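> only the shape, not the letters, is given here:
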């Protein structure tokens, strides 16, 4: 690894929608102990939510200007247009950044991004310290990667015009195949039997020996996450995925849209509306913010299928309009009008 000493190490955090990538990164930022970090956040869709969540941390180790949001498409598809300028911005910061954390879209394949680190304009400045895959342990224990996958499979099988391969399973498999460390998140939701089942599912998808770390709320010791020193861009041959034969991939099976929200009166009832909307449609993920009547704090909302969590994350600033918004991510063909009515009614 001598050739990587002068380069800034980068940790790529991959994982499916709702696995807990942003929560894990927030914990890393809060536990950095003075190490100067930067974060690149890539989201599927036109509006960045995860970047705002991270900026709300207010941690001196990673000031807001060191968090760069890329919401123009999957980073693995737009390396030249988005990733290189983002690196230029971060590497030009003073004081110098010591480590970069890259949060990929939940739909991204990490291998093309790792391969991009072989480009001359990138290779001389940064290296892939390691690829970390965050996995939703509760979903795996239930035999799925997202809410109501059985209904999605039945729908695909009933329509001969659709490819019968499961795109969610393909994305999951490719993320696991490229990982140097797998974080089995949401351990608190699992008993011993369920935890073993989730771990076995991961092991079956691993093409090589990779450590699996069970955690709750993304709380991984940064010392176990940063500083792996893998140099993954030089180990690409050992990361075999099912998309290796393809020059590119697309995300035509998925879509996202934004729902603007008026102020809400009751967070619990609002969470129930989100759960109902997700249960009745091919919704994979809902995340965003809401303003609660009479409350100075902003309500952060995140949902994976019918599981909805919410808490107040920070005070609304005087310059902000108390306007909430949710990003909905799901399978192609979502009933947008119906979902918008359910969420904003």
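Sure thing, it's come through. Remember, it's a predicted structure, so these values are computed and weren't measured experimentally.

> any low-confidence regions in the stretch 201-345 of the chain?
Within the stretch 201-345 of the chain, the segments meeting pLDDT under 70 span 242-254, 280-282, 284, 304-306, 331, 345.

> report the strands that pair with the strand ranked longest in the chain, each with its relative direction.
In terms of residue count, the longest strand belonging to the chain (DSSP state E) is strand 126-136. If you go by DSSP bridges, strand 126-136 pairs up with strand 8-15 (parallel), strand 181-185 (parallel).

> quick one: which of these is nearest residue 209?
strand 181-185 (11.1 Å; C-beta to C-beta). From N, CA and C alone the C-beta is placed, and that goes for glycine too.

> quick check: next helix or strand after the closest one?
helix 192-205 (DSSP states H and E).

> please identify the buried residues of that following helix?
Buried residues in helix 192-205, counted by 16 or more other C-beta atoms under 10 Å: 194-195, 197-199, 201-202, 205.

> which among those residues gets closest to residue 133?
residue 202 (8.5 Å).

> tell me what the next helix or strand after the longest strand of the chain is packed against?
Following strand 126-136 in sequence order, the next helix or strand is helix 137-141 (DSSP H and E). Packing partners of helix 137-141 (3 or more C-beta pairs under 8 Å, 6 or more residues apart in numbering; DSSP states H and E): strand 181-185, helix 192-205.

> list the helices and strands the longest one packs on?
Using 3+ C-beta pairs under 8 Å, 6+ apart, the elements in contact with helix 192-205 are helix 137-141, helix 167-177, strand 181-185, strand 211-214.

> chain center to that helix: distance?
In terms of C-alpha atoms, centre = their mean, to the nearest Å, the gap separating the centre of helix 192-205 from the centre of its chain is 21 Å.

> likewise for the first one?
Its chain's average C-alpha position is 13 Å from that of strand 181-185, according to C-alpha atoms, centre = their mean.

> that one vs helix 192-205, what angle?
Strand 181-185 runs at 150 degrees relative to helix 192-205, counting by axes from the mean of the first three to the mean of the last three C-alpha atoms, to 10 degrees.

> I'd like to check the angle between strand 181-185 and helix 167-177, please.
130 degrees.

> from memory residue 126 sits against residue 11, does it?
No. Contact criterion C-beta atoms under 8 Å: residue 126 and residue 11 do not qualify, at 10.9 Å.

> what's near enough to touch residue 226?
Neighbour list for residue 226: 9, 11, 28, 35, 99, 101, 129 [criterion: C-beta atoms under 8 Å, 6 or more residues apart in numbering].

> so the fourth one sits right up against residue 96, yeah?
Put plainly, it is residue 35. No. Applying C-beta under 8 Å as the test, residue 35 and residue 96 come out as separate, 11.7 Å apart.

> ok, those two, which is more surrounded?
Higher neighbour count among residue 35 and residue 96: residue 35, with 16 against 10, using other C-beta atoms under 10 Å.

> any idea how many residues pack against the residue nearest to that one when sequence neighbours are not counted?
In space, residue 35 comes closest to residue 98 once its chain neighbours are excluded; the distance is 5.4 Å by C-beta to C-beta, 6 or more residues apart in numbering. Residues lying near residue 98 (other C-beta under 10 Å) number 15.

> if I look at residue 192, how far off is residue 219?
20 Å (C-beta to C-beta, to the nearest Å).

> an error on my part: the question was meant for residue 285.
21 Å.

> can you check residue 207 too?
With C-beta to C-beta as the criterion, residue 207 and residue 219 are 28 Å apart.

> residue 174 against residue 111, yeah?
Yes. Residue 174 is in contact with residue 111 according to C-beta under 8 Å; the separation is 6.6 Å.

> compare these two (neighbour count), which wins?
Using other C-beta under 10 Å, the more surrounded residue of residue 174 and residue 111 is residue 174, with 26 against 23.

> before we move on, the earlier item: which of the buried residues of helix 192-205 sits closest to residue 135?
residue 202 (6.2 Å).

> which ones are touching that closest one?
By C-beta under 8 Å, 6+ apart, residue 202 lies in contact with 135, 140, 176, 182, 184, 212.

> which of those residues has the largest number of neighbours?
Per-residue neighbour counts (other C-beta under 10 Å) across the contacts of residue 202 peak at residue 135, which has 29 neighbours.

> measure that residue to residue 168 for me?
Distance, residue 135 to residue 168, by C-beta to C-beta: 13 Å.
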